[in-house]
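1. Sequence first, predicted coordinates after that:
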Amino acid sequence: MDKTKIAELLNEDLEDEHGAIIQYLNHAYAMGEGELACEIEAIARDEMRHLDWLAETIVELGGTPSLKRGKMRLGGESVAKWMGNDVLLEEDAITQYKVHIKAIDDPKIKRLLQRIVADEAAHHDKFEHFVEKAPRAGAKDIRGTRQDKTTRILNRGIKHEYTVILQYLFHAYISPNKDVKREMDDQAINEMQHLGWLAEEMVDGGGNPKIEHTEVDQSTQTADMLRADIKIEREVAAEYDRAAREVADPDLKKLLHRIRDNEIYHADVFSDLLAEEEPPD
Ligand SMILES: [Fe+2]
Ligand SMILES: [Fe+2]
Ligand SMILES: [Fe+2]
């Protein structure tokens, strides 16, 4: 099998990891704080590692990691039903990985996929256990239907954070510059924290987080990536600043300021990297 074909198969797997991450985060956020939510978030983090390994391998093969989100199994009127959907999603993943392991002859990539399948099998068993545990633990959907200025602010933030997580990961995979890769990876993790804070704030306040993203910058030159990233950070820092002035709740104000300051830091870090990438003549 040629490299292009292998990269295509791995991109299918990567898209499904992306779908799994968002499905599990949706579930974890919807039930609010608690042990079960934490355990589900830990599984989502495993899927993020898988996504990372697959993307790096695709780049090594000369391919481009896909930004598409694969299948999700959302819906279901109880947490137990959601956990059942998670079991099914893991089954889908295991089936597909096994087909790909058989089809791909590169021993290193086979080994990687086998490693991932072992994780998926463990997730599958955990989710089966969660089907039983959810009612016992009293896990329920605590999302509300609140819709006002605050929920609009939070959902705008969530949309931004999700977008830059994808954007910085993509830039980390594509840029050959090691420093840029490291910073992009680091800041993507920081944006994941922001996403989590905003989603939890939303659910605690009786709203419903919408985990959707907007267009992701797919520049292929490092300097272009950094220019796009600096622009988005400056815009969003200004937006969080404006939002913090609009909200009355002092804790929410504090949260928005904290995120704003992180974004200003990101813009500064990216500006330094751009100056190194393109020294003034
Ligand atoms: Fe999994
Ligand atoms: Fe952020
Ligand atoms: Fe940022």
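-> Now that the structure is in, tell me what you want to look at. Ligands and ions are numbered 1, 2, ... in the order given.
2. Next to ligand 2 in this structure, residues from the stretch 51-200 of the chain, please.
-> Within the stretch 51-200 of the chain, the positions near ligand 2 by C-beta under 5 Å from the ion are 161, 191, 194. Placement of C-beta: from N, CA and C, glycine included.
3. 8 Å instead?
-> Within the stretch 51-200 of the chain, the positions near ligand 2 by C-beta under 8 Å from the ion are 157, 160-161, 164, 190-191, 194-195.
4. which of those residues has the most neighbours?
-> In terms of neighbours by other C-beta atoms under 10 Å, these top out with Val164 at 28 neighbours.
5. Please name every helix or strand in contact with the host helix or strand of it.
-> Element membership of Val164 [criterion: DSSP states H and E] is helix 149-174. If contacts are counted by 3 or more C-beta pairs under 8 Å, 6 or more residues apart in numbering; DSSP states H and E, helix 149-174 sits against helix 35-60, helix 178-204, helix 222-246, helix 250-277.
6. what's the distance between the residue of the stretch 101-250 of the chain found nearest ligand 2 and Glu161?
-> Ligand 2 sits closest to His194 of the stretch 101-250 of the chain, with a gap of 3.7 Å, by C-beta to the ion. Applying C-beta to C-beta, to the nearest Å, one obtains 5 Å for the distance of His194 from Glu161.
7. How about Gln218?
-> Distance of Gln218 to Glu161, given as C-beta to C-beta: 18 Å.
8. again with Ile58
-> From Ile58 to Glu161 the distance is 24 Å (C-beta to C-beta).
9. likewise Gly34?
-> 22 Å.
10. For burial, what's the neighbour tally of Arg136?
-> So Arg136, with other C-beta under 10 Å, has 9 neighbours.
11. Roughly how far does it sit from Ile40?
-> 16 Å.
12. tell me the contacts of Glu132?
-> Ala80 (C-beta atoms under 8 Å, 6 or more residues apart in numbering).
13. Okay, now the unreliable bits of the stretch 151-281 of the chain?
-> 281 (pLDDT under 70).
14. Next to ligand 1, which bits of it? Give me the list.
-> Applying the criterion C-beta under 8 Å from the ion, no portion of the stretch 151-281 of the chain neighbours ligand 1.
15. quick one on the thing from earlier: what is the distance between the helix holding Val164 and the centre of its chain?
-> Mean-position distance between helix 149-174 and its chain equals 9 Å (C-alpha atoms, centre = their mean, to the nearest Å).
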